[in-house]
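Peer 1: could you work out the structure for the sequence below:
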Amino acid sequence: MNDKPRLFGIERSNRDYTVADTWGKNQFNSSFPASLACYLHSKGMKAVYIKAKPDMKRDLQYIGIDELYGIDPLGDDIFFSFETQYTPFQKYVIGAIPRDDLVILSDGQCVSSIEIKLVALPDNPTCNLSEDKFGSEIVVRPDTIIYLACSFIQSYEDNPEALRNVIRDAGRNVRDWTEAGEVLPYMDEIYWAIRRMVSEKNECQSPIIMEPVWKTEGKSPRLADHCLDLFVWSNFGMLNLFMPEENEEFRTITRHTRTMIWLFKMLQEYAEKGRFNGAKIIDTLSYNLKNDKAFASNGLRTHPIMTCAELTKPRITKGEIRKVILGGGQYLLSPERRFDAIIYNSPDLFKED
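Peer 2: Numbers count the residues shown, from 1 in each chain. Okay, the predicted model is just below:
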């Protein structure tokens, strides 16, 4: 009997789950979701798949974990490589391709890659709403936008000319991309260039973000009985997290609209030069906003896109967590000791003497 600390389904990995450091917050937040996906597969379940229709409206479907990973998640030839470069995208990028949260390998070859976002349900803006209105905040890194651009390029079969044909003259008259005032008059052109790609390549969507949700009883730290489920965003579905509404008036550049500019510039540069410098685009087109994250979208924005039976009542119960974390792995967890959490969970502090 295998009594070593481990996670369900992850037999071959670049992480050693018998070591306490592997159970730290940053690693656990990607390892556990990868294992949860394997567990769903073992139960014959699929992840909720958020895609976009040609008109950008949400298209809610399901995706098997074997399709998400590109291989049997419980097979003998799968290798889970965390914080790894997805080398098939290197040919599109000037400089080194960033690391992705999870790259699936088989026989040493990259099969798929995925960004992982383990999120709480509900978040602060939705915790006081009714349960069917609960939503989660998702925070997306700048590096993910480089992967997003690469996925668009891949859908055009690595053809710069095909991309030029769909971009057309969008953004051509911008004199200085680093100045917000120079870019704002052309935001509508940029928006519709991306929309044309969504319409033209709608059948070529690919998964880019895996977002497991863990649900609590409102704002409390107690897990709900039905507490875990798995959502996946396609590259086109993800656009609804940051793209503006149709006919929206562009008065300033926000983190969300800046992300749209980043994506467009990466695609435009590839269309013109056959490669793009994502790191330089992110660094130089900041518009006086910090580059620590691309954007964050809270539950008020994500709920309408994600709403479904699985969001209201996740399919995996808290009693099943012991089937995902195995061999006493829970004893190696090292959560952050947050002062606000300690106060919240110590009501006796406020009792009168």
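Peer 1: so where's the protein shaky on pLDDT?
Peer 2: Confidence mapping of the chain against pLDDT under 70 gives the ranges 1-2, 337-338, 340-346, 349, 353.
Peer 1: any idea which residue is closest to the centre of it?
Peer 2: The centroid of the chain falls nearest to Ile209 when counting by C-alpha atoms, centre = their mean (3.2 Å).
Peer 1: neighbouring strands for the helix or strand containing it, and are they parallel or not?
Peer 2: Assessed by DSSP states H and E, Ile209 sits inside strand 207-216. According to DSSP bridges, strand 207-216 forms sheet pairs with strand 109-116 (parallel), strand 119-121 (parallel), strand 223-234 (antiparallel).
Peer 1: ok, then the element right after the shortest one?
Peer 2: Put plainly, it is strand 119-121. For strand 119-121, the following helix or strand on the C-terminal side (DSSP H and E) is strand 138-140.
Peer 1: and what of the last one?
Peer 2: Past strand 223-234, further along toward the C-terminus, the next helix or strand under DSSP H and E is helix 255-273.
Peer 1: by contact count, what packs against that following helix?
Peer 2: On a contact count with 3 or more C-beta pairs under 8 Å, 6 or more residues apart in numbering; DSSP states H and E, helix 255-273 meets helix 142-155, helix 160-167, helix 187-200, helix 278-284, strand 295-297. In this view, the C-beta of every residue, glycine as well, is placed from N, C-alpha and C.
Peer 1: got the angle for the first one vs strand 207-216?
Peer 2: Translated: helix 142-155. Calculated by axes from the mean of the first three to the mean of the last three C-alpha atoms, to 10 degrees, helix 142-155 forms an angle of 140 degrees with strand 207-216.
Peer 1: show me the contact partners of stretch 326-335.
Peer 2: 2-8, 17, 20, 22-25, 28 (C-beta atoms under 8 Å, 6 or more residues apart in numbering).
Peer 1: so which bits of it are buried?
Peer 2: Using 16 or more other C-beta atoms under 10 Å as the test for burial, stretch 326-335 gives Leu326, Gly327, Gly329, Leu332.
Peer 1: the residues you listed: which two are farthest apart?
Peer 2: The span of the buried residues of stretch 326-335, defined through C-beta to C-beta, is set by Leu326 and Leu332 at 11.6 Å.
Peer 1: against Met238, how distant is Ser151?
Peer 2: Remark: distance between Ser151 and Met238 (C-beta to C-beta, to the nearest Å) = 9 Å.
Peer 1: swap that for Val93, sorry
Peer 2: Val93 sits at a distance of 19 Å from Met238 (criterion: C-beta to C-beta).
Peer 1: the residue nearest to the centre of the chain bridge partners, please.
Peer 2: Counting by DSSP bridges, Ile209 is bridged to Glu115, Trp233.
Peer 1: from what I see, it and Lys117 are in contact.
Peer 2: Yes. Assessed by C-beta atoms under 8 Å, Ile209 is found in contact with Lys117 at 6.0 Å.
Peer 1: let me know how buried Lys46 is, in neighbour terms.
Peer 2: For Lys46, the count of nearby residues is 17 (other C-beta atoms under 10 Å).
Peer 1: so what's it closest to, chain neighbours aside?
Peer 2: Residue nearest to Lys46 in three dimensions, not counting chain neighbours: Tyr62, with 3.9 Å by C-beta to C-beta, 6 or more residues apart in numbering.
Peer 1: need the contact list for Ile153.
Peer 2: Tyr92, Leu163, Leu267, Tyr270.
Peer 1: at 7 Å what do you get?
Peer 2: Taking C-beta atoms under 7 Å, 6 or more residues apart in numbering, we find Ile153 in contact with Tyr92, Tyr270.
Peer 1: ok now stretch 257-273, how far from the chain's centre?
Peer 2: Relative to its chain's centre, stretch 257-273 lies at 19 Å (C-alpha atoms, centre = their mean, to the nearest Å).
Peer 1: stretch 159-179 now?
Peer 2: So, by C-alpha atoms, centre = their mean, the centroid of stretch 159-179 is 26 Å from its chain's centroid.
Peer 1: cool, stretch 51-59 as well?
Peer 2: Stretch 51-59 has its C-alpha centroid displaced from the chain centroid by 17 Å (C-alpha atoms, centre = their mean).
Peer 1: what about the strands in the stretch 1-150 of the chain?
Peer 2: Remark: strands assigned in the stretch 1-150 of the chain by DSSP state E, counting those that start in this stretch are 6-7, 47-52, 58-63, 79-85, 99-106, 109-116, 119-121, 138-140.
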